[in-house]
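**Student:** Mind folding the following:
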Amino acid sequence: MKYLIKARIEVEGLVNKHDIIGAIFGQTENLFGEEFDLRELQDRGRIGRVLVDIKHQNTKTYGEITIPSNLDRVETALLAAMIETVEKVGPYKARIRVYDIIDVRAEKIKKIIDRAKEILRIWSLEKTPDLREVLREISEAVKKGEVISYGPEGLPAGPDVDKSDEIIIVEGRADVINLLRYGYRNVIALEGARGKIPETIIKLAKTKKAIAFVDGDHGGDLILWELLRVADIDYVARAPPGKEVEDLTGKEIARALSNLIPAREYLAILEKKFQPRKERQKAIQEVKEKPPAPPPPPPKQLQPVVQVEVEKIELPEPVIQQIKQLSGTLEALIYDKDWNLIDKVSVRDIYNFLEKMEPGKVFAVIYDGIVTQRMLDLAAEKQIKLIIANRLGSIEKRPRDVVVLSFSDVLS
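**Tutor:** Prediction:
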């Protein structure tokens, strides 16, 4: 229908809908000949069903009439004027007044225009790329491309490790990428050491000024304890307490590297924490003379298929293929107990994501990062059974019900 005729009726008595419709059809019959008779117009589909909505108040009847029209504008106006000629409904006086004629097509066009505006607004917000996000993605892609494999151990490093007289030693690949993002190109990681400091790091520290830059947690202290006893480290830098180097901003990195602590002073702090009193003086003297120190025993290696209480965990082949593609992406995959992928998030956001999950909902977390004590504590709290990461950091306490593997454990 093209138009809707809207009219109000007032009757000086109590009547029903059928009385009003009958009065409209009866009192307009043949006013303009059979061709414009309401019944004839309905039969030919030129008008629709006459709708009446009424209410009674005291001894009167009030109502609203709606007549759909497929006539042209002139004929519709004539029809509207025609129904106003109804003067009685049954024995009671009546008055009908048309108060509006709605152009259905115009209303539809208005809705289409309004919806088009909304679609365009959403499209502009969601689809138009944000310049800062584009620049960030380009910058990160460039920095990832600048990471090189250094030495026989294939350690992740910046391109200026050989050129620079000073090196920054960090824990893992993600730390290297973050420092590259802010222009530090003379950085190299201990990644893959797992309790044994790489010989490449020891050799570089003998010929260059060496700064050890580690996470601000207990794991960072353990790594420094191992590193300072076997390598000629000059200074120590720490991330703020509870933070990891891979998550620091440019200002936080600059602040940490401007507050360097001489390595020997920091070793004295660590030996009070980790060594029995009777061995302290001997250890300090050995470090001052820089004798070769035996590396600490490597932690027990876990196998890809392990026992967790009475439950055996086997990695599906598609998951193993995902692990092969994960290295270098700084992303994390979250799975439920049926190996359905719950979500894929940035390593930077993994702690916030897991803290919001209900205990027992997450079965496995696989991510391109380092297993820290903080991650294991969170896994125990959320009843996560399996953690697989690019590298295992120094861990003080391993939860009994959490299996921890590295990528090399799975892919070897």
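**Student:** Quick one: residues contacting residue 266.
**Tutor:** Going by Cβ atoms under 8 Å, 6 or more residues apart in numbering, residue 266 touches 224, 228, 236. The way it works is simple: take the backbone N, C-alpha and C, and place the C-beta from them, glycine included.
**Student:** ok so it is a strand residue?
**Tutor:** No - using DSSP: H, G, I helix; E, B strand; the rest coil, the assignment for residue 266 is helix, not a strand.
**Student:** From residue 230, how far out is it?
**Tutor:** Note on residue 266: its distance to residue 230, by Cβ to Cβ, to the nearest Å, is 15 Å.
**Student:** rewinding a little: got a winner among the contacts of residue 266 for most neighbours?
**Tutor:** Compared across these, residue 236 has the highest neighbour count, 27 neighbours, by other Cβ atoms under 10 Å.
**Student:** give the contact list for that residue.
**Tutor:** Neighbouring residues of residue 236 by Cβ under 8 Å, 6+ apart: 211-214, 224, 228, 260-263, 266.
**Student:** so the residue minimising distance to the centre of the chain is in which element?
**Tutor:** Geometric centre of the chain, nearest residue: residue 345, 6.3 Å, by Cα atoms, centre = their mean. For residue 345, the element it lies in under DSSP states H and E is strand 341-346.
**Student:** Just the mean pLDDT for that strand, thanks.
**Tutor:** Taken as a whole, strand 341-346 has a mean pLDDT of 90.
**Student:** going forward can the numbers begin at 9, since that is how I track them
**Tutor:** Yes, from this point I'll number from 9; that puts the last item at strand 349-354.
**Student:** Now the helix or strand just after it: buried residues?
**Tutor:** For strand 349-354, the following helix or strand on the C-terminal side (DSSP H and E) is helix 358-364. With burial defined by 16 or more other Cβ atoms under 10 Å, the residues of helix 358-364 counted as buried are 358, 361-362.
**Student:** Pipe these into CSV and attach distance to residue 376 and pLDDT per row.
**Tutor:** Output for the buried residues of helix 358-364, formatted as CSV (distance: Cβ to Cβ, whole Å; pLDDT from 0 to 100):
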residue, distance to residue 376, pLDDT
358, 10, 87
361, 15, 90
362, 16, 90
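**Student:** out of the residues you listed, who's nearest residue 81?
**Tutor:** Nearest to residue 81, judged by Cβ to Cβ, of the buried residues of helix 358-364 is residue 361 at 61.0 Å.
**Student:** Nearest spatial neighbour of that closest one, chain-adjacent residues omitted?
**Tutor:** Distance criterion Cβ to Cβ, 6 or more residues apart in numbering; nearest residue to residue 361, sequence neighbours excluded, is residue 353 at 5.0 Å.
**Student:** buried ones in stretch 88-97?
**Tutor:** 88, 90-91, 94, 97.
**Student:** What is the nearest of those residues to residue 374?
**Tutor:** Nearest to residue 374 among the buried residues of stretch 88-97, with distances taken as Cβ to Cβ, is residue 88, at 71.5 Å.
**Student:** so residue 383 sits right up against residue 392, yeah?
**Tutor:** No - contact between residue 383 and residue 392 fails when scored by Cβ atoms under 8 Å: they sit 9.2 Å apart.
**Student:** Pull up the overlap in contacts between the two.
**Tutor:** With Cβ under 8 Å, 6+ apart, residue 383 and residue 392 have common neighbours residue 373.
**Student:** Just name the shakiest helix or strand of the chain by mean pLDDT.
**Tutor:** strand 314-316 (a mean of 37; mean pLDDT, DSSP states H and E).
**Student:** sorry, back to before: give me the subset of the contacts of residue 244 lying in helices.
**Tutor:** Counting by DSSP state H, the part of these found in helices is 232, 236, 271, 274.
**Student:** Of all pairs in these, which one spans the longest distance?
**Tutor:** The distance between the two most remote of the ones in helices among the contacts of residue 244 (Cβ to Cβ) is 8.7 Å, for 232 and 271.
**Student:** Quick check: neighbours shared by the two?
**Tutor:** Taking Cβ under 8 Å, 6+ apart as the criterion, residue 232 and residue 271 both touch 220, 244.
**Student:** Measure how far stretch 378-391 is from the centre of its chain, please.
**Tutor:** 20 Å (Cα atoms, centre = their mean, to the nearest Å).
**Student:** buried ones in it?
**Tutor:** 378-384, 386-388, 390.
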